[in-house]
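A.B. asks: Predicted structure and sequence below. I'll ask about it afterward.
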Amino acid sequence: MKTPQEKILALQLKAEAREKSLPNWPEGKRGTPNTFLRSALFSAAPTNAERPYLDGEVIASQKGFTIKFTGKRLNQEDLTLWETLVHMAREHPLGVTCEFTSYGILKAMNLGTGGAEQVRLHDGIRRLAACLVEIEVDNSRAYFQSLIVSGVEDKVESRYTLELSKSLSKLYVQSTWVDWDQRIALRRKPLAQALHGYYSSHKEPYPVKLETLQALTGSKNKQKAGFKRLLSKALDDLVEIGFLEFYLIEDDRVIVSRKNPERGV
């Protein structure tokens with residue numbers, strides 16, 4: 001039988017191990033912090049849109065947390081890459097370097113593996129390493145670090161050795177397992193992807209103002225009517241892939257019903 005001291009030590013070791021690791025979500029899902037999904041950190045801007053450089057800019061987010069960002073503006077393709085890297089590294093302790101081949105990353109994202117894709121992959125990894133994200137939750141604690149701490153590129157073997165932050169696990173206290181097949185089905189539809197992530201983080205989504213979704217998706221469409229048209233098309237896409245049962249836009253409020261909701265808050 002363990003002594004009280006041994007029991008305390010075992011609990012401490014278990015807690016430390018939990019802090020150094022990510023949750024073990026299923027293969028068909030991608031674990032993503034709710035702070036990422038409920039903000040415009042990864043905007044719904046088109047992939048080929050200009051990426052302005054932001055310096056400590058406050059990013060639109062849901063109440064309860066504040067995000068400041070420094071670096072080139074991120075979009076939904078950057079989120080796809082981020083989710084892929086974290087998914088591939090989730091079985092390793094945080095803070096430990098993990099090796100990835102360019103081929104393996106691209107295949108995991110359901111992309112081609114040619115030269116152009118390799119260049120875009122490298123650009124995406126550089127953006128995630130060069131940015132600084134500051135997330136303050138409930139005016140108490142703030143997480144601030146780049147999304148990739150450091151890395152080495154082996155150009156001969158087309159291989160990356162990357163390190164993810166040890167403190168990353170704190171962001172997963174409130175997180176969502178995003179359906180990967182549905183997200184990939186929405187590729188090249190950034191607004192639909194952003195909405196899919198946002199509504200995935202809510203089991204029973206409540207009505208949201210049109211202007212709120214416009215801010216949380218990082219839309220640059222200045223006209224409400226123009227955004228409303230884009231929003232309707234994106235919500236049609238979510239119904240088509242079986243994520244939503246229906247939606248209604250009434251008096252500038254957006255009402256949706258999820259189909260078979262699983263993990264969400």
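C.D. replies: Done, it's in.
A.B. asks: Check which element follows the lowest-mean-pLDDT helix or strand in the chain along the chain.
C.D. replies: The helix or strand of the chain with the lowest confidence, counting by mean pLDDT, DSSP states H and E, is helix 4-19 at a mean of 42. Sequence order places strand 29-33 as the next helix or strand after helix 4-19, per DSSP states H and E.
A.B. asks: so what does the helix or strand just after that next one touch, helix or strand wise?
C.D. replies: Later in the chain than strand 29-33, the nearest helix or strand by DSSP H and E is helix 34-37. Packing partners of helix 34-37 (3 or more CB pairs under 8 Å, 6 or more residues apart in numbering; DSSP states H and E): strand 175-179, helix 190-200. (C-beta placed from N, C-alpha, C; glycine too.)
A.B. asks: Quick one: closest of these to Ile249.
C.D. replies: Across the helices and strands packed on helix 34-37, Ile249 has its closest neighbour in helix 190-200 (12.5 Å, CB to CB).
A.B. asks: Point out the other helices and strands that that closest one packs with.
C.D. replies: So helix 190-200, by 3+ CB pairs under 8 Å, 6+ apart, packs with helix 34-37, strand 42-43, helix 76-89, strand 175-179, helix 180-185, helix 210-216, helix 224-240.
A.B. asks: try it again with 6 Å
C.D. replies: helix 224-240 (3 or more CB pairs under 6 Å, 6 or more residues apart in numbering; DSSP states H and E).
A.B. asks: So, low pLDDT: which residues of the stretch 151-265 of the chain?
C.D. replies: Applying pLDDT under 70 to the stretch 151-265 of the chain flags residues 262-265.
A.B. asks: Swap in 90 and give it another go.
C.D. replies: 164-171, 173, 219-225, 260-265 (pLDDT under 90).
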